[in-house]
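# Dropping a prediction and its sequence here:
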Amino acid sequence: MVNVTVDDSDSSVIYYPSGAWNARSASVPCSSCTANPDVKQTFDNTFHDGTFNPSSGSNSYPNVPLTASMIFNGIAVYVFCVLAESSISPDGDSDMNFYIDGFLNANFTKTAPGNNNTYDYSVAVFASDPLTPGNHNLTIRNGHVNGTKSLILLDKIVYTLNRTVDDTPSSSTLQSSSLSPSQTSLAPNDSSGVTKGLGGMLGPAIAVPVVVVILLTALGIFFFLRRRKQQQPRTISTFPGPMTGAWTIEPVSDPPSPPILSGSVPLSLEQNLNSEVGPSWASAYLSSSLTPIHQLS
């Protein structure tokens with residue numbers, strides 16, 4: 001397994017409302033903040049602090065829960081905070097909920113013991129259940145509407161990749177770790193991973209939609225061309241006539257003349273002609289087509 005540590009100051013972590021969070025570091029002290037832990041004991045010497053207060057006039061966002069969200073690709077995720085033990089100035093009580101992909105996964109509540117100027121560092125306030133490999137959305141919510149006052153000092157987020165060091169590209173941002181998904185804590189300032197940039201985390205999230213868009217575009221063009229081809233009018237080609245050059249055409253000759261009948265005409269034929277066309281027409285036809293018997297003797 002490989003663990004990747006994301007610092008609270010990484011651009012992949014989105015804070016809302018942004019004005020309710022204070023980005024803290026050794027180089028940017030906060031003189032007006034009541035919570036002032038030792039920054040040198042935090043990961044990369046930075047942390048984000050925010051306070052939920054349901055009372056109006058307490059801050060610019062009364063009764064508005066604070067959230068911090070991040071997309072990661074892994075099978076487990078852990079959240080580490082600094083906890084204040086004081087019960088007043090600052091109020092160190094904690095009321096945090098943790099959501100994975102929009103569903104409540106766990107919560108963390110704690111009543112400060114009342115030890116002023118005392119802080120606990122790198123406390124694992126959340127360890128997720130085993131997750132399916134792939135992209136997930138982690139949302140940390142500090143406080144809830146009409147709830148109790150809650151202080152959050154976010155230090156870092158660690159998520160676990162479902163692969164070994166040999167499977168990952170050679171990079172200084174990933175190192176092996178003995179942390180298993182079932183463990184609920186890490187050693188302070190754990191060196192099992194260092195900060196991972198936004199590009200490395202969102203690479204798979206961007207590549208998958210791009211591939212899907214390319215496939216859908218190719219399918220759309222295929223069906224468009226197919227439908228267009230089916231709608232085009234069909235051209236019916238006539239069969240060409242025979243190629244006369246390949247044929248030997250014999251000249252057409254007149255049919256032979258009918259044979260000349262000789263002999264006497266049977267009485268029945270003459271009687272039939274007389275009855276159908278008349279005696280005069282029958283005599284003319286017979287005289288022109290028949291040769292008299294006496295001429296043949």
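Now that the structure is in, tell me what you want to look at.

# Can you pull out the low-pLDDT segments for the stretch 101-250 of the chain?
Confidence mapping of the stretch 101-250 of the chain against pLDDT under 70 gives the ranges 164-209, 211, 225-250.

# what about the strands in it?
Secondary structure of the stretch 101-250 of the chain by DSSP state E, counting those that start in this stretch: the strands cover 103-110, 119-127, 135-142, 150-161, 175-176.

# Which one of those lies nearest to Cys30?
Relative to Cys30, the nearest member of the strands of the stretch 101-250 of the chain by C-beta to C-beta is strand 150-161, separated by 11.7 Å. The way it works is simple: take the backbone N, C-alpha and C, and place the C-beta from them, glycine included.

# so what does the closest one touch, helix or strand wise?
The helices and strands touching strand 150-161, judged by 3 or more C-beta pairs under 8 Å, 6 or more residues apart in numbering; DSSP states H and E, are strand 2-7, strand 46-52, strand 66-73, strand 76-84, strand 94-100, strand 119-127, strand 135-142.

# could I get the ones you listed as TSV with distance to Ala112 and mean neighbour count?
Listed next are the helices and strands packed on strand 150-161 as TSV, based on distance: least, C-beta to C-beta, whole Å; neighbours: other C-beta atoms under 10 Å:
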stretch	distance to Ala112	mean neighbour count
strand 2-7	25	24
strand 46-52	13	24
strand 66-73	18	20
strand 76-84	6	25
strand 94-100	8	20
strand 119-127	10	19
strand 135-142	15	20
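
# I'd like these written out as TSV, with distance to Gly19 added.
Below are the helices and strands packed on strand 150-161 laid out as TSV (distance: least, C-beta to C-beta, whole Å):
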stretch	distance to Gly19
strand 2-7	21
strand 46-52	10
strand 66-73	10
strand 76-84	21
strand 94-100	20
strand 119-127	24
strand 135-142	14
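
# buried sites along stretch 25-36?
By neighbour count on 16 or more other C-beta atoms under 10 Å, the buried set for stretch 25-36 is 25, 35.

# so for that stretch, what's the average pLDDT?
Averaging pLDDT along stretch 25-36 yields 85.

# Need the residues that contact it.
Applying C-beta atoms under 8 Å, 6 or more residues apart in numbering, the set of residues contacting stretch 25-36 from outside is 9, 22, 24, 39-40, 45-47, 49, 84, 89-90, 92, 151, 153.
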